[in-house]
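Structural data only, the sequence is not supplied:
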């Protein structure tokens, strides 16, 4: 009998595994995804650390197999215990977010540290976040900035943006707006929305760069179009004040509405004022009441504006305003949930 090559046995094992997969695991997946999962499973079962990490990712994302965080963690752990940095980083993330295991910040830090010491840029970023906020470890801004830098120097855009914020605010490093601009720009050029917003602020106020409102608008707009609420809010201010762009309250309202729909109380308060004063929209005391009502949960200015508005409204109008506030809150919650679901 002719000897079989190793590739032959891999094909046999793959076909056998495909036959055992439940049909619901295959629904909605391409044949290539299912085949790749099966091949990876064979290698993972043989102890290959890289395949184990990849298999964990398949379970985590539901690629080629039904999504299963518990299985993802199990395979990440097998790989992590062999020293695979990506698996260690991913296992840390699972502990940080309580996915497949109970949430445990100290365990997250432990795994992030192992991966970070092996040079994993994502783990270094996440470890920096842990130190910055004191999640699972004593808060230490110097350590946060240090880990951000290690990740940023490997080109991670989120770490570059975070390091820029550290320089802008003097968190863990000496305040240096020129360095802030430098790191913001590196991240912004990779498409990071937060960095674009930070760079826009620097241009708007002349921090670390010559003041240039037109450049500020350019960067605000890029971040705003990516859905970054702070940038949408600031772009609205630019249109309202005619800074770097032709004054246009209609455009201001449009951008404030986008931020308000993400739950931004500042934008909700501004919309309330627009509806009250007929700025960029038709005057509507019911809408004004509703936006002030929502924003007033966290903003004193909105509560003050609402108290003055109520004095000019009839009892019936106030009731309608309260009803509209409830409807508006449901609309906003639905949009936030839809965005979170990626729809």
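That came through, no problem. Since this is a predicted model, take the numbers as computed values, not measurements.

Which residue ranges make up the domains of the protein?
For the chain, automatic domain parsing gives the domain ranges 171-262, 270-327.

Reformat those as CSV; add mean pLDDT, distance to residue 112 and mean neighbour count.
C-beta coordinates here come from the backbone N, C-alpha and C atoms, glycine included. Output for those, formatted as CSV (pLDDT from 0 to 100; distance: least, Cβ to Cβ, whole Å; neighbours: other Cβ atoms under 10 Å):
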stretch, mean pLDDT, distance to residue 112, mean neighbour count
domain 171-262, 98, 17, 20
domain 270-327, 97, 32, 18
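
Quickly note the distance from the closest residue to residue 155 other than its chain neighbours to residue 147.
The shortest distance from residue 155 to any non-neighbouring residue, by Cβ to Cβ, 6 or more residues apart in numbering, is to residue 121 (7.3 Å). Per Cβ to Cβ, to the nearest Å, residue 121 is found 10 Å from residue 147.

Looking at those two, which has the bigger crowd around it?
A side-by-side neighbour count of residue 121 and residue 147, using other Cβ atoms under 10 Å, places residue 147 first with 28 against 20.

Kindly reformat the domains of the chain as TSV and extend each row with distance to residue 128.
As requested, the domains of the chain are exported to TSV (distance: least, Cβ to Cβ, whole Å):
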stretch	distance to residue 128
domain 171-262	9
domain 270-327	28
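
residues making contact with stretch 300-313?
Outside stretch 300-313, the residues that touch it by Cβ atoms under 8 Å, 6 or more residues apart in numbering are 265, 268-269, 272-273, 276, 285, 288-289, 291-296, 318, 321.

Just those residues: which are in helices?
Within these, residues falling in helices by DSSP state H are 265, 268-269, 272-273, 276, 285, 288-289, 291-295, 318, 321.

Can you pick out the most distant pair from those?
By the measure Cβ to Cβ, 265 and 318 form the most distant pair in the ones in helices among the contacts of stretch 300-313, at 20.8 Å.

I'd assumed residue 168 was in contact with residue 175.
Yes: using Cβ atoms under 8 Å, residue 175 is in contact with residue 168, at 7.4 Å.

At which residues are the helices of the stretch 1-150 of the chain located?
Along the stretch 1-150 of the chain, counting by DSSP state H, counting those that start in this stretch, helices occupy 6-20, 23-26, 31-45, 49-61, 69-80, 85-97, 105-117, 121-133, 141-152.

And those helices: which comes nearest residue 180?
The closest of the helices of the stretch 1-150 of the chain to residue 180 is helix 141-152. By Cβ to Cβ, the value is 11.9 Å.

from the chain's centre, how far out does the helix or strand just after the closest one sit?
Later in the chain than helix 141-152, the nearest helix or strand by DSSP states H and E is helix 157-169. Computed by Cα atoms, centre = their mean, to the nearest Å, the separation of helix 157-169 from the middle of its chain amounts to 15 Å.

Let me know the angle separating helix 157-169 from helix 121-133.
In this structure, helix 157-169 runs at an angle of 30 degrees to helix 121-133, with axes from the mean of the first three to the mean of the last three Cα atoms, to 10 degrees as the basis.

what's next to helix 157-169, contact-wise?
121, 124-125, 128-129, 132, 141, 144-145, 148-149, 151-152, 171-173, 175-177, 179-184, 186-188, 190-192, 194-195, 198, 202, 207-208.

just to revisit the earlier point, nearest approach to residue 252 belongs to which of the helices of the stretch 1-150 of the chain?
Residue 252 lies closest, by Cβ to Cβ, to one member of the helices of the stretch 1-150 of the chain: helix 121-133, at 33.2 Å.

helices or strands up against the closest one?
When contacts are defined as 3 or more Cβ pairs under 8 Å, 6 or more residues apart in numbering; DSSP states H and E, helix 121-133 sits against helix 85-97, helix 105-117, helix 141-152, helix 157-169.

Same question for the last one: list its buried residues.
Neighbour counts using 16 or more other Cβ atoms under 10 Å place 157, 158, 159, 160, 161, 162, 163, 164, 165, 166, 167, 168 of helix 157-169 among the buried residues.

same question, the third one
Buried residues in helix 141-152, counting neighbours by 16+ other Cβ under 10 Å, are found at 141, 143, 144, 145, 146, 147, 148, 149, 150, 151, 152.
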